[in-house]
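Engineer: What follows is a predicted structure for the sequence shown.
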Amino acid sequence: MIVHDSIRGSIELPQKAPVCGEASIRLVVFGAGGPDVDSYAGCRVRTFGSLQYSSIGNIEMDMYQDVRKVEAIGACKRTPPAPDYSHVEPRSDVHDYEVSMDVDYTEGDHPVVFHASVRGQALEPVQVYASYDFTSDYVLYGHCGKGFVIDKVSGTPEARPMHFDTPRTRLDMAAYDPETAAAAGKWQLHLMYSCTRDALPDDVDDEAPPAPGA
């Protein structure tokens, strides 16, 4: 099994013999409670789950498997799981901070490097303060930590830095277009956005209509 530490973060299982004509299969786990697939990186494994062809053409492998079970074949030194920061919240004394993403968009495995800081002081762990999604349409979205919203978006101009929605609202994300940057010859991208405390209480939906008489 090969775990690709890249912008898309895919997991590949090369086949001894082609399966449905495919030399490699992409492994995915849908929903919570599934097997810790990436802990088997570098091991020979047998996987169980349904096979499907991707409905989009820009995934590295045309076929994927919805993995429900993994078994090691022979000796396997499993990789410790990544730390779980889902229950860790940003520091209460932080009200605004900056995020930067360094993206190497050339071919191959290149992890997205995140930095979060407030007045030049690094915020750790960075996973509590920043995250990203890379969609099947090649759009890169940056997110803030819990309780924060996007304020300003900037970065390599060729990557077309923009807001996904109205700034400082909960639906907003920092949006970038690395494909357009690559077409312009820009493969090393430095992308930035700032985060500020959400002004609305947790139980208020900023998309909700105003109360009568408001």
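Structural biologist: Received the coordinates, thanks. Bear in mind the structure is a predicted one, so any value in this text is a computation, not a measurement. Numbers count the residues shown, from 1 in each chain.
Engineer: Check which element follows the helix or strand containing L13 along the chain.
Structural biologist: According to DSSP states H and E, L13 maps onto strand 11-19. Remark: after strand 11-19, the chain's next helix or strand is strand 22-28, criterion DSSP H and E.
Engineer: Tell me the buried residues in that next one?
Structural biologist: Residues E22, S24, I25, R26, L27, V28 are the ones in strand 22-28 that count as buried (16 or more other CB atoms under 10 Å). Any C-beta I mention is one placed from the backbone N, CA and C, and that applies to glycine too.
Engineer: quick revisit: could you check how sure the model is about the strand holding L13, as an average pLDDT?
Structural biologist: Computed over strand 11-19, the mean pLDDT rounds to 88.
Engineer: and what of stretch 147-155?
Structural biologist: Regarding stretch 147-155, the rounded mean pLDDT is 97.
Engineer: One more: stretch 119-126?
Structural biologist: The pLDDT scores in stretch 119-126 average 95.
Engineer: Which parts of it count as buried, going by neighbours?
Structural biologist: Buried, per 16+ other CB under 10 Å, within stretch 119-126: L123, V126.
Engineer: And stretch 30-47, by the same measure?
Structural biologist: For stretch 30-47, burial by neighbour count (16+ other CB under 10 Å) applies to P35, V37, D38, S39, Y40, A41, C43, V45, T47.
Engineer: I'd like to know how far V37 sits from A82.
Structural biologist: Distance of V37 to A82, given as CB to CB, to the nearest Å: 12 Å.
Engineer: packing partners for the strand holding L13?
Structural biologist: When contacts are defined as 3 or more CB pairs under 8 Å, 6 or more residues apart in numbering; DSSP states H and E, strand 11-19 sits against strand 2-3, strand 22-28, strand 45-53.
Engineer: Centre of the chain to it, how far?
Structural biologist: Centroid displacement of strand 11-19 relative to its chain, using CA atoms, centre = their mean, to the nearest Å, is 24 Å.
Engineer: which residues sit against that strand?
Structural biologist: Outside strand 11-19, the residues that touch it by CB atoms under 8 Å, 6 or more residues apart in numbering are 1-4, 22-28, 37-38, 45, 47, 51, 60-61, 63, 65.
Engineer: rewinding a little: can I get the helices and strands packed on strand 11-19 in JSON lines including distance to E124?
Structural biologist: Output for those, formatted as JSON lines (distance: least, CB to CB, whole Å):
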{"stretch": "strand 2-3", "distance to E124": "24"}
{"stretch": "strand 22-28", "distance to E124": "29"}
{"stretch": "strand 45-53", "distance to E124": "33"}
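Engineer: nearest to T156, of those?
Structural biologist: strand 2-3 (27.5 Å; CB to CB).
Engineer: quick one, which of the helices and strands packed on strand 11-19 is nearest to A174?
Structural biologist: Across the helices and strands packed on strand 11-19, the minimum distance to A174, taken as CB to CB, is reached by strand 22-28, at 25.3 Å.
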